[in-house]
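# my questions concern the predicted model and sequence given below.
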Amino acid sequence: MALRFQKPLFLLSTFGAIDIEVANVCLTEWQHKMGPCERVKTTFWCHGLWYHDDLVAVTVATSLMTGTIGGGHGLPLGRSNTIELARLCAVRSGICRVILRQWRDVAFPELGVPNVISYQDADLHNGDTYRFDGWKRIGKSDSGTDQRSGRVGRSKYVWLWESPTSQSPTLTAYSLNPAVADSNLPSRNAYNATCKSSSSSGRISSPSADARSSRVRRLM
């Protein structure tokens, strides 16, 4: 059972919700291989990890781009019970493991969905970040050329984390279907309000390019 004690006056590290605009500033500044997450008709849940006053790592979770996830894992994965961890990025690589565990155990259970998947580039990464965190590799995806950007598709491994809680609810009222994202998500508005409040009170409060150098500092 968790125990409640008074928080220390000065915290070395904090974790909380942020705007997608703030996350994208960091993804660009830290040169994430996939760049900022600019998907349309999707729902975002973004979180950040601070060290003192500096934002040093971010996660971006989204609703699924496709209706279902294929593969021979035998699980019915779709928008009703699964989201995607689309971006995981930090000012230096070692911190990715820290925020991944923080997100998995603190933020993810609050989203009310039992499954999350993430894609690992088969050429750029070896998958140790997910493997050592307890995720299961359930398949491989070979995407074609992006029709909008012309970017050539790459081979990706699919990693799955299942909530250990057997009573995990599926997303019924809290639907992640982009078609109803604006009409059927009363909780989403409250969540976004929390994101805006969190980001406005933190070190980074604006996604403008002019603010990057002063508000996103590299941890040397």
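Structure received.
# where are the low-confidence patches of the protein?
Within the chain, the stretches with pLDDT under 70 are 70-75, 122-124, 143-153, 165-220.
# which residue ranges form the strands in it?
For the chain, the strands defined by DSSP state E occupy 13-18, 44-51, 54-63, 82-90, 115-121, 136-142, 155-162.
# adjacent strands (with direction) for the first one?
The strands that strand 13-18 pairs with in its sheet are strand 44-51 (antiparallel) (by DSSP bridges).
# now the angle from the strand it pairs with to strand 82-90?
Orientation check (axes from the mean of the first three to the mean of the last three C-alpha atoms, to 10 degrees): strand 44-51 against strand 82-90 gives 30 degrees.
# who touches strand 44-51?
Residues outside strand 44-51 that contact it (C-beta atoms under 8 Å, 6 or more residues apart in numbering): 12-20, 22-23, 26, 37, 55-62, 83, 90, 95, 98-99, 102-103, 107, 111, 191, 195, 202-204, 219. C-beta here means a position set from N, CA and C on the backbone, and glycine is covered the same way.
# how does it look with 6 Å?
13-15, 17-18, 20, 23, 55-62, 99, 103, 107 (C-beta atoms under 6 Å, 6 or more residues apart in numbering).
# tell me what Thr14 is bridged to.
Applying DSSP bridges to Thr14, the residues it is bridged with are Trp50.
# distance of it from Leu64?
According to C-beta to C-beta, to the nearest Å, Thr14 stands 29 Å off from Leu64.
# compare these two (neighbour count), which wins?
Legend: neighbour count by other C-beta atoms under 10 Å for Thr14 and Leu64, higher for Leu64 (22 against 14).
# spatially, what comes nearest to that one if we skip its sequence neighbours?
For Leu64, ignoring the flanking residues on the chain, the nearest one in space by C-beta to C-beta, 6 or more residues apart in numbering is Arg79 at 5.0 Å.
# number of residues surrounding the one you found?
Residue crowding around Arg79 was assessed by other C-beta under 10 Å; the count is 21.
# the residue nearest to Glu38 when sequence neighbours are not counted: neighbour count?
Excluding its sequence neighbours, the residue lying closest to Glu38 (C-beta to C-beta, 6+ apart) is Asn24, at 7.2 Å. Neighbours of Asn24 under the rule other C-beta under 10 Å: 21.
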